[in-house]
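1. what would the 3D arrangement of this be:
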Amino acid sequence: MSRQLTESAPLVTRRRNQAAEGSKRAQSKKGETNNIKNNMEGLIQIVSKLQDVNNMVGGGMNLNLPQIVVVGSQSSGKSSVLEGLVGRDFLPRGTGIVTRVPLELHLNHVPHLEDRNVGDAYPSNEEWAEFLHKPGEIFTDFNHVREEIEARTVVLVGNRKNVANKPISLKIFSPNVLDLNLVDLPGITKVPVEDQPHDIEQQIRELVLMYITKSNALILAVSPANSDIANSDSLKISREVDPNGDRTIGVVTKLDLMDRGTDALSVLNGRMVCLKHGMIGVVNRGQLDIKQNKNIKDALRSEELFFGNHYPSIKDRCGIKYLGLTLNRLLMSHIRECLPGLKRKIKDTQNMYQKQLDELGQSMFEEHKQGAVLLQFLTNFSNNFISSIDGGSVVAYRREVSFLTGGAKICHIFHSKFTSMIRNMEALDGLTTNDIQAAIRNATGTRRSLFVPEMAFEILVRRQIHRLIDPALKCIELVFQEMESLIEQCANQEMSRVLSLRSRVQEVSLELLRSRLPETTSMVENLISIEEAYINTSHHNFAGGAGAMAKMLGRMEPEPSTQNANLPTTAKEVAPAPYATVAPRTSNSHAPEHCAPNHDDKASNHKGSWWLFGGASKQQNEFHDTPSKGQFNSDDYAGMAVASPNEQDRTMYFANSLNDREQVEVDLITNLIESYFGIVRDKIVDSVPKAIMHFLVNDVKTNLQSELVTKLWKTELFDTLLQEDPMAASQRASAIEMISALRKASVIVESSMFSASM
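-> Just a heads-up that it's a prediction; the model follows:
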């Protein structure tokens, strides 16, 4: 017997140990389950913290946080639903529109007062509320919470019955609430009343859509049961952004106010409106209950009895308690799905503000650094300006790719605009046959020359060369304008946050640029004057008299004339050549071909050269304006005596057609002008850009930095020049604040994702 007892003792001990281990495992499993539950519930509080961080920076993070947006028509029972979820009377009430700004409501579950640990950072209150705009102040009286909401609304939008997107953030801590983040929006209305704006319906609609359009928003659509569900404003506007009902939770209020003999069973069972998360019925306190101060706990008991009596088949999925649990579950699941995208959004936004901060730079107003900072600004500006001309500048890359700037634009001016202007100038532009004849006759004075006078050619070619001055000066103007624009671009890029320094740098740079303009202009004018001063007829490319004559005679081939074909030879020889004007020529064109008189013998084919040396007959040497014997007209003489030289018709000196000698002279001068003008034109196309580069562009490049340092780098100017633009300082402070907030948000999301994965 004693042996059996001895053998059974280890067995009992073993069984006891196994039972203890099983109990320990069960407790551990239960603890893990509770930890997971606590971690999941903490997700909602984490989003609440993110919302606080976002509100602290004026909503600038634009994170699209997961939240529940409460939508409903005016007097649909939205406020009563929210008070039922909180278990407290805290929302303003009255007639007309009461909620005029979004109310961000963060419900945070805390342990009961007796269940809290000594080290918990909770105040010694069972329930309390906090407003974001009053940090550190705790509200334990919920009547004061209502008063603060009303007062804050007046501060944000005034006393009129208008609405605005200026949210009020309220946190409520209580052991009687579940973790939820809700946004109560103004009730949808149709007709403006009292002093409401005439477009109040459109304002509210735009405000509601602003919140429910966000993909991370769950929509709590509140509809009263005592009106046709087909006319529900909340379901109608929700369907616009969520046509399949994937993000919408329907709530049916005022079930106790329906007509006798009717019910909402078909609506609550989803047969009339199909929503993914269904329709949940609730019964709120009526206006009489509120006047009689019926508390929320009594109202919840009455609601439970109502559903037990009228909707027993679905009573387990109706009521405020079931609504709170459903919203808590859906919000936690939704947050868990949104966390990865939220993390990416925070990271991208942080990078954006970091880039903005890098562009603004650090504050440089420490006194011992001012000299170095100013010198760095001047050096960067000068280097950027030079690089913009030489190529590879940051300014050039930041402009649209279809625009030329800096050196590329100057090159375009030289080789496209200026060259085109010069090349398009004809050698004979502005010259007529009469001008050439007048120059020839004026050069010979009272005697007829044996040769075509060289003076006539020089007078005419100087006149044509002088016309090159206008495009040359225009080229200087275009280059000057581009450099002026480049100075402004570089200053805006380098000194956008120090307006005083930017203004002075531009002023000094433009002074330097303008100081080089007279010398550049003078040099270019001198280039033209040099060409006018000496006509180098020995130039190797100049055709010269012999070359021009040979060229002209080469074109004077006899051609049969239909009008003189039947005339006798003597008549053909004396027939005048039909020329009165010089045809326009291009730079590569030749003298116009003309119909020279037909000559039968070899000697007569070279009559032009004989005329060139003054060997023409008497008839051919006579002026066409000299009257013949017996044809003198005294009336013509009287008219000449009265008219002033400027008023006389120039055609009276020249015949309407040229004889052979005159035609040869005109053609010869024309060929000489074309040849020499082409030489000068090529030289100007080459020399003017060189002069502009040397006297204007390169001179400014070389002296810009030394000029800036000489005039601006002075100790007494440091404070004035380095006075930062207030806007830039504000942007830097805002960027720093935003980056700090985003870093906090990133830490919060990282920790929540780690907790959710456990």
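2. and the helices in the stretch 351-500 of the chain?
-> With DSSP state H, counting those that start in this stretch as the criterion, the stretch 351-500 of the chain has helices at 370-390, 394-398, 407-412, 419-423, 433-444, 454-466, 469-494, 499-515.
3. for Lys214, which of the ones you listed is the nearest?
-> Across those, Lys214 has its closest neighbour in helix 394-398 (33.8 Å, Cβ to Cβ). Bear in mind the C-beta positions are built from the backbone N, C-alpha and C, glycine included.
4. quick one: mean pLDDT for that closest one?
-> Helix 394-398 carries an average pLDDT of 50.
5. look at the closest residue to Glu662 other than its chain neighbours and report its pLDDT.
-> Excluding the flanking residues, the one nearest Glu662 by Cβ to Cβ, 6 or more residues apart in numbering is Gln437, at 6.6 Å. Per-residue confidence at Gln437 stands at 75 (pLDDT).
6. again, but for Val222
-> With respect to pLDDT, Val222 scores 95.
7. remind me which helix or strand it belongs to.
-> Assigned by DSSP states H and E, Val222 falls within strand 217-224.
8. strands paired with that strand, and their directions?
-> strand 67-72 (parallel), strand 248-253 (parallel) (DSSP bridges).
9. can you list contacts of that strand?
-> By Cβ atoms under 8 Å, 6 or more residues apart in numbering, the residues outside strand 217-224 that reach it are 66-73, 75-78, 81, 182, 211-212, 229, 232, 234-235, 238, 241-242, 247-254, 257, 327, 330-331, 334.
10. what does stretch 153-160 give?
-> In contact with stretch 153-160 (Cβ under 8 Å, 6+ apart) are residues Pro92, Arg100, Val101, Val163, Ala164, Lys166, Ile168, Asp195, Gln196.
11. hang on, the second one in a helix?
-> Looking back up the chat, that one is Arg100. No: Arg100 is assigned coil when assessed by DSSP: H, G, I helix; E, B strand; the rest coil, not a helix.
12. run through the residues that contact it.
-> Residues counted as contacts of Arg100 (Cβ under 8 Å, 6+ apart) are Thr153, Val157, Lys161, Asn162, Val163, Ala164, Pro186.
13. how about the fifth one?
-> Contacts for Ala164 were tallied using Cβ under 8 Å, 6+ apart; they are Arg100, Val101, Leu156, Val157.
14. any low-confidence regions in the stretch 51-200 of the chain?
-> The stretch 51-200 of the chain contains residues with pLDDT under 70 at 54-62, 95-96, 118-119.
15. mean neighbour count and distance to Glu737 for the helices of the stretch 351-500 of the chain - can I get that in JSON lines?
-> Output for the helices of the stretch 351-500 of the chain, formatted as JSON lines (neighbours: other Cβ atoms under 10 Å; distance: least, Cβ to Cβ, whole Å):
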{"stretch": "helix 370-390", "mean neighbour count": "18", "distance to Glu737": "24"}
{"stretch": "helix 394-398", "mean neighbour count": "14", "distance to Glu737": "27"}
{"stretch": "helix 407-412", "mean neighbour count": "18", "distance to Glu737": "41"}
{"stretch": "helix 419-423", "mean neighbour count": "15", "distance to Glu737": "56"}
{"stretch": "helix 433-444", "mean neighbour count": "18", "distance to Glu737": "78"}
{"stretch": "helix 454-466", "mean neighbour count": "19", "distance to Glu737": "67"}
{"stretch": "helix 469-494", "mean neighbour count": "19", "distance to Glu737": "26"}
{"stretch": "helix 499-515", "mean neighbour count": "17", "distance to Glu737": "23"}
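16. of all those, which lies closest to Trp713?
-> Among these, helix 370-390 comes nearest to Trp713, with 6.1 Å by Cβ to Cβ.
17. now the two most distant members of the contacts of Arg100.
-> Farthest pair in the contacts of Arg100 (Cβ to Cβ) is Lys161 and Ala164. Separation: 11.6 Å.
18. hmm, Lys321 and Leu85 touching each other?
-> No: using Cβ atoms under 8 Å, Leu85 makes no contact with Lys321, being 9.3 Å away.
19. of the two, which one has the most company?
-> Leu85 (25 against 15; other Cβ atoms under 10 Å).
20. what about the more buried one, helix or strand, and which?
-> Secondary structure from DSSP H and E places Leu85 in helix 78-86.
21. show me what that helix is packed against.
-> Packing partners of helix 78-86 (3 or more Cβ pairs under 8 Å, 6 or more residues apart in numbering; DSSP states H and E): strand 67-72, strand 103-109, strand 180-184, strand 217-224, strand 248-253, helix 296-310, helix 320-360.
22. how about those in a markdown table, adding distance to Val680?
-> Shown next, in a markdown table, are the helices and strands packed on helix 78-86 (distance: least, Cβ to Cβ, whole Å):
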| stretch | distance to Val680 |
| --- | --- |
| strand 67-72 | 80 |
| strand 103-109 | 81 |
| strand 180-184 | 81 |
| strand 217-224 | 78 |
| strand 248-253 | 84 |
| helix 296-310 | 102 |
| helix 320-360 | 52 |
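23. rank these by pLDDT, which is bottom?
-> The bottom spot among these, by mean pLDDT, belongs to helix 320-360, with a mean of 86.
24. and the strand or helix carrying Glu519, what's buried?
-> Glu519 belongs to helix 517-533 when assigned by DSSP H and E. Neighbour counts over helix 517-533 (16 or more other Cβ atoms under 10 Å) mark Thr520, Thr521, Met523, Val524, Leu527, Ile528, Glu531, Glu532 as buried.
25. mean confidence (pLDDT) on it, please.
-> Mean pLDDT, helix 517-533: 93.
26. give the other helices and strands that it contacts.
-> So helix 517-533, by 3+ Cβ pairs under 8 Å, 6+ apart, packs with helix 454-466, helix 469-494, helix 660-692.
27. angle of the first one against helix 433-444?
-> For the pair helix 454-466 and helix 433-444, the angle between their directions (axes from the mean of the first three to the mean of the last three Cα atoms, to 10 degrees) equals 130 degrees.
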